[in-house]
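J.: structure for the following, please:
(chains A, B, C, D, E and F)
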There are 6 protein chains.
Amino acid sequence: MKNSLAAKLRQGTPCLNGWLSLPSAMAAETMARVGWDSLTVDMQHGVHDFMSAVACMQGIAASGIPALVRVPQNDGGLIGQVLDAGAWGVICPMVNTAEDARQFVAACRYGPAGKRSFGPNRAAAFGTADAPYHTFANDEVLAIPMIETVEALENLDAILDVSGVNGCYVGPSDLSLSMGLDARFDREEPAFMSTLDKIAKATAARGQFAGIHCLSAGYARKMVDRGFLFTTVASDAYFMAKGAGMAVAEWRSNA
Amino acid sequence: MKNSLAAKLRQGTPCLNGWLSLPSAMAAETMARVGWDSLTVDMQHGVHDFMSAVACMQGIAASGIPALVRVPQNDGGLIGQVLDAGAWGVICPMVNTAEDARQFVAACRYGPAGKRSFGPNRAAAFGTADAPYHTFANDEVLAIPMIETVEALENLDAILDVSGVNGCYVGPSDLSLSMGLDARFDREEPAFMSTLDKIAKATAARGQFAGIHCLSAGYARKMVDRGFLFTTVASDAYFMAKGAGMAVAEWRSNA
Amino acid sequence: MKNSLAAKLRQGTPCLNGWLSLPSAMAAETMARVGWDSLTVDMQHGVHDFMSAVACMQGIAASGIPALVRVPQNDGGLIGQVLDAGAWGVICPMVNTAEDARQFVAACRYGPAGKRSFGPNRAAAFGTADAPYHTFANDEVLAIPMIETVEALENLDAILDVSGVNGCYVGPSDLSLSMGLDARFDREEPAFMSTLDKIAKATAARGQFAGIHCLSAGYARKMVDRGFLFTTVASDAYFMAKGAGMAVAEWRSNA
Amino acid sequence: MKNSLAAKLRQGTPCLNGWLSLPSAMAAETMARVGWDSLTVDMQHGVHDFMSAVACMQGIAASGIPALVRVPQNDGGLIGQVLDAGAWGVICPMVNTAEDARQFVAACRYGPAGKRSFGPNRAAAFGTADAPYHTFANDEVLAIPMIETVEALENLDAILDVSGVNGCYVGPSDLSLSMGLDARFDREEPAFMSTLDKIAKATAARGQFAGIHCLSAGYARKMVDRGFLFTTVASDAYFMAKGAGMAVAEWRSNA
Amino acid sequence: MKNSLAAKLRQGTPCLNGWLSLPSAMAAETMARVGWDSLTVDMQHGVHDFMSAVACMQGIAASGIPALVRVPQNDGGLIGQVLDAGAWGVICPMVNTAEDARQFVAACRYGPAGKRSFGPNRAAAFGTADAPYHTFANDEVLAIPMIETVEALENLDAILDVSGVNGCYVGPSDLSLSMGLDARFDREEPAFMSTLDKIAKATAARGQFAGIHCLSAGYARKMVDRGFLFTTVASDAYFMAKGAGMAVAEWRSNA
Amino acid sequence: MKNSLAAKLRQGTPCLNGWLSLPSAMAAETMARVGWDSLTVDMQHGVHDFMSAVACMQGIAASGIPALVRVPQNDGGLIGQVLDAGAWGVICPMVNTAEDARQFVAACRYGPAGKRSFGPNRAAAFGTADAPYHTFANDEVLAIPMIETVEALENLDAILDVSGVNGCYVGPSDLSLSMGLDARFDREEPAFMSTLDKIAKATAARGQFAGIHCLSAGYARKMVDRGFLFTTVASDAYFMAKGAGMAVAEWRSNA
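T.: You can find the predicted model right below:
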């Protein structure tokens, strides 16, 4: 089994990513049935630890949708654990320099390309006797640094030039804060847009992909139009809370 | 602390109930912030066991919203456990006869009114030194049999006449199946409507409340208009799946 | 998605069932990769509860192998829960009379054939918009009473004649105890063998299948030769303990 | 390994039992280090389910102290599960008649003495190759019905006469309620005392033991003096809350 | 909702902190009912991980008492996670230099004051539409470095001078070891006392608070008298073990 | 209670270590009954986190077999946590330099020998009033760096010369990759063998032990013959999968 998300992104197909912040394999399994191209377990700002991430990856396995993990930080030990457990990609927060990126990529790649330690457990099942997982993992696992600070923007080319980086992921809230703006998603300010355009172009020029976290499907489509191939819309908890809130509001407004 | 849901229902105030089918205290806590009058942990058709029900009740405690539990069946041991753990009401499936109802109510009430065994743990915190929980629990805990079969409809008066029954809850899917219809929520057929009207009237005549599971807020409002005081809209998993599905559909339709 | 085990058994194909006694989705997922026709979560003598059973069913879902559950007893509430959670069959201990069997089957079937309450959660995913799960569940879910007492043997025909029984499962240990023998698997005594033959014939005559728990693959093959279509070999914990014990013994014997 | 509690009780040695109401193997392990003769996991009024009971039994295993389980009700399936998981005794609530007692004992004993199904998992480790667990389990597992209603008092002799009953356990709160008193532990009223004396004598006359739940060590000693061989003092949660409350009070009183 | 502990400490009110070392939301909830000003989940020497810390914070939420977390080390990823999950303060071990303190504080503060990444989940509920959590979090979240080595004592002024440090916390055992003494709480040696006095004065001079872990309420009061505003007494497990041990001793001493 | 593994290794007795990769206390407890000299919870490539490691250590405690933990990386915070929770030794991956080794050893030793923070929880139970755990922990806890890269081989003497290193552990897969070979266990190539011999000799010369992960008992014995005192054979999951796979293959080959 290969990484269908990586294949689509390589072909330049825009992809839609779902986001898992609830530590519940049932929630993950439910999310896996609605048609995402990939699902990402958020171990940074979601309520997750390694075990809940594993449970969620098990919960979505039957759907055939690749699982990614956003780790809480650039931590090689944990990156190795989530890859062993079957993550087809890792989104790493706060990659602000080329050195950050090199360290991150090294954690995602077996030697000599990197320093990943050998010992896939769930991931081993992606391989076959003829083509064991570790023989193709370096080519299939996506290493996705987050661009979410002014410092990272300044080092964008250097970060993307690090061998093994497959694309990047914009965290709009942290990037906003770093740019002196309020934390918010789905921004429309021209200055912010031109920053996003710059990121999209920088990745496209290298055959990489740009990703971004969005709140609405409409905004995500705009981002696709601007060249972002990997767009996330909201999260499991967001959909639940929003739907519930709308139902309550409708019921109460008719009272 | 008393049961605010019971107080509202006693006053004839229509109440909006949320439904928890995901075994996740985080999901429950998120649901507890959107404005329901009560939240019910579904141990029958949700993915729950006793421990997840306790965790969810802890998750919603800070909101002050009363928790109810739908048990998988008329099981006195489990009913005692969820009450000890702080449920302010129990919804019991498949109460088809007065005898079923008597057995159910007995499990909800301390003697001499019933056979509930003494030993509140989380529930003890609802009481005070002057007014310990067990001195008012019989008055505050809601015993809510489900009316979901033709047999139950035939025995409706006898069931509602059982001392200690506070109201009833309609399961539209099972009731539909029992009436020879397809399993479905939010039905509009006149025959079904008149059945619901009969239930609403039978409860109202006794100072009890009628409840029903709905999928949409709009349908729930219609039920309120027909005399149902306790209306549930959908569930945590439903809101999540529906919101996610709509986002995916919108994104794809623009591709 | 339909029940591939049921299809094979209907065609008279001997099937090999694996047994899950460890409460670990990882163990279940590992077991699911070695080629069983089905896997059964043992909630009676395994260390399982409802949540671990759900986790194991999630763990094996990606393999496409149908999950069954052996419940601890003839308990309609729990049977409904495991079916809602995606079990394609239920093995029920201590079905000793036709009445036991009728009660058991009723818990496995939607009305009017039975009393199963509507509300599939994971199981709903087996259906499609055109063919929802509940429209075919009665035909696909296997109801498998255990024959494990002398009383059950005496009532064998009556039990198998209960409409909706798909086959039966022999528990050799309990049956041995009931027959005055020591608790043991893989027995060879002629009297025991003739009892097994009787069971195999009684099921075959009705187009049903006979199942039996075995310790060794060799014994299971013998049972296939005697007409048992559904054979279990050992369990996850057994394989682990035996393999570990043999490794320790080999290492120590060379010390 | 045999049941050291049973041995002491057989010899007429008063025993001190600890009580586990927190679903935490760490709490259980901590409790196991302070010198109890046995520890009971309370699945009725504690916050426990089967899995937390298993975890607690694992937590106390290293101490060598026998674990007992109080089940939530007279449920043969669950009784079998906790015995398989290594409980050396079962305390069963609300045994009010000889028939209740017979049903309870049957769940604790392998045939022909009872109906316990064969399949020890953790309990199997108590046996050896020469003396497997199931050959001595009937003699070592304690079946302890609770006497906690007026009805049970009236049927006391009949209950204790049921073959296989090892002793009984008084639940003072429920017994108080049933006698028309307020729910309370450590009562001193003469009428209540004489009831306890009657129970102690009835068990002693049969070579059985009487047990009772106490709040204080001092009261438990008084009960020993009155002939109760099996006395429980408070619980894990009680000690924690009381100690914490006293520390807070002392700190605040000096403010 | 704001941080009531921070408010009290700012006003110079001595506060009493409870300590959670058991990974049990039930234990936490029980502790939350006895009157502490705050409760700290100990992820360093308690038996906790992120998920148990979240569960405990949920368990105490209804009490309104602020939760703090002691992290196992100066780890920005984990510090961000526990803050997102609702910790109102972080106690960080082994802050021995001003650089350690700067790194620690940065993890606790949103930019530009620090490097905390945006994405509160449970913590978001502390805010309102008009005053979202992240607009006041930097002012309300307590950053509390531990002073527990001779090196830290030498750097005390430099550590406390780091902008954003709210106070400090003394770990008497580690400080004892570092000073060449045996590991022990509640010491009385004049040399140790004068060290504590120095710490209390250094914090008071800066408008900060000093905290210390004590075993007894009496010692904690003495520390308050010496100027410590934030005193912890023992822990959940300690109270449980001590109370249980005393009960056992009393019972046995009367045997 | 002391570390029986350390005692054997000090005496030069070859020891057999079992490996736990399944996050299941039941699996661990089952493994603990087959005769290993020690059991290691693999937090690097097993599916484990801190809590599952604790549960497994509880599961094996009754057997008296010492538990070790392989941590995911050289992380002082986590090393302290697993030692507090009762690990008698730590295996640390990717110790490639003397500085790595110094940092690792420091995390395993109380001051002044190291920087371990005081606060044993489960480990405290290994001590007595007269000889508390922390007075002998530095002598009994095994610090075992992994030698698994060419860089580590080059620095082998320097690593082993670090005070407090008790032995080393070879990870054959990673060492193979680092040497330009395919990832594999139980290699026989002369060049690899001579590398192993060099490691065995280097440890023996210092009174240390060499350890290695093997797949088969036969290979482990060969390693013993070459001077490896600490040999691991396979893992819980490996034995389970292999045994299950062989049973399936045998059954199918006879079909």
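J.: how about the residues of chain A that lie near chain C?
T.: Listed as neighbours of chain C in chain A under the rule CB under 8 Å from any CB of the partner chain: A:25-26, A:29, A:33, A:54-55, A:58-59, A:61-62, A:64, A:121-122, A:125. Where C-beta positions appear, they are placed from N, C-alpha and C, glycine not excepted.
J.: could you pick out which of those are near chain D?
T.: Applying CB under 8 Å from any CB, the subset of the residues of chain A next to chain C adjacent to chain D is empty.
J.: nearest to chain B among those residues?
T.: Proximity to chain B was ranked across the residues of chain A next to chain C by CB to the nearest CB; first place goes to A:M26, at 5.0 Å.
J.: for the residue nearest to A:M240 when sequence neighbours are not counted, what are its contacts?
T.: Closest residue in space to A:M240, ignoring its immediate chain neighbours: B:M240 at 4.0 Å, by CB to CB, 6 or more residues apart in numbering or on different chains. With contacts defined as CB atoms under 8 Å, 6 or more residues apart in numbering or on different chains, B:M240 is in contact with A:A27, A:T30, A:M31, A:D236, A:A237, A:F239, A:M240, A:G243, B:L22.
J.: tell me the centre residue of chain A?
T.: For chain A, the residue whose C-alpha lies nearest the mean C-alpha position (CA atoms, centre = their mean) is A:I91; its distance is 4.6 Å.
J.: for the closest residue in space to that residue that isn't next to it in sequence, grab the count of nearby residues.
T.: With CB to CB, 6+ apart as the measure, A:R70 is the residue that lies nearest to A:I91, at 4.0 Å, once sequence neighbours are left out. Other residues within reach of A:R70 by the criterion other CB atoms under 10 Å in any protein chain shown amount to 29.
J.: ditto for A:K198
T.: By other CB under 10 Å, neighbour count at A:K198 equals 14.
J.: how near is A:D225 to A:A210?
T.: Here the distance between A:D225 and A:A210 works out to 13 Å (CB to CB, to the nearest Å).
J.: tell me which of these two has more neighbours.
T.: For A:D225 versus A:A210, neighbours defined as other CB under 10 Å are more numerous around A:A210 (27 against 10).
J.: wait, that one sits on A:V224?
T.: No: because the distance of 10.3 Å does not satisfy CB atoms under 8 Å, A:A210 is recorded as not touching A:V224.
J.: what sits against the residue of chain A found nearest chain E?
T.: Sorted by distance to chain E under CB to the nearest CB, the residues of chain A start with A:H45, at 2.8 Å. For A:H45, the residues meeting the contact criterion (CB under 8 Å, 6+ apart) are A:S21, E:G80, E:D84, E:S117, E:F118, E:G119, E:P120, E:N121.
J.: same thing but 10 Å
T.: By CB atoms under 10 Å, 6 or more residues apart in numbering or on different chains, the contact list for A:H45 reads A:19, A:21, A:70, A:72, A:93, A:171, A:173-174, A:235, E:80-81, E:84-85, E:117-121.
J.: all helices for the stretch 1-150 of chain A, in order.
T.: Taking DSSP state H, counting those that start in this stretch, the helices of the stretch 1-150 of chain A run over residues A:4-10, A:25-31, A:50-61, A:76-84, A:98-108, A:133-140, A:150-154.
J.: relative to helix A:133-140, how tilted is the fifth one?
T.: The reference is to helix A:98-108. With axes from the mean of the first three to the mean of the last three CA atoms, to 10 degrees as the basis, helix A:98-108 and helix A:133-140 are set at 150 degrees to each other.
J.: any part of helix A:98-108 near chain E?
T.: No: Helix A:98-108 stays out of contact with chain E when judged by CB under 10 Å from any CB of the partner chain, the minimum separation being 12.8 Å.
J.: can you say which two of the residues of chain A next to chain C are spatially most distant?
T.: Using CB to CB, the residues of chain A next to chain C reach their maximum pairwise distance at A:R33 and A:N121, which is 25.4 Å.
J.: looking at the two, which one has more neighbours?
T.: Relative neighbour count places A:N121 above the other of A:R33 and A:N121, with 22 against 16, counting by other CB under 10 Å.
J.: the residue nearest to the more buried one when sequence neighbours are not counted: how many residues sit nearby?
T.: If you skip the residues right next to it in sequence, A:N121 has A:D84 as its closest partner in space, 5.2 Å away by CB to CB, 6+ apart. When neighbours are defined as other CB under 10 Å, A:D84 has 24 of them.
J.: check whether A:D84 really touches A:Y110, as I assumed.
T.: No: with contact taken as CB atoms under 10 Å, A:D84 and A:Y110 are classed as non-touching, separated by 11.5 Å.
J.: up against chain F, what does the stretch 1-150 of chain A have?
T.: Remark: the part of the stretch 1-150 of chain A in contact with chain F comprises A:49-54, A:58, A:75-81, A:84-85, A:107, A:110-112, A:115-122, A:132, A:134-135, using CB under 10 Å from any CB.
J.: no more questions from me, cheers.
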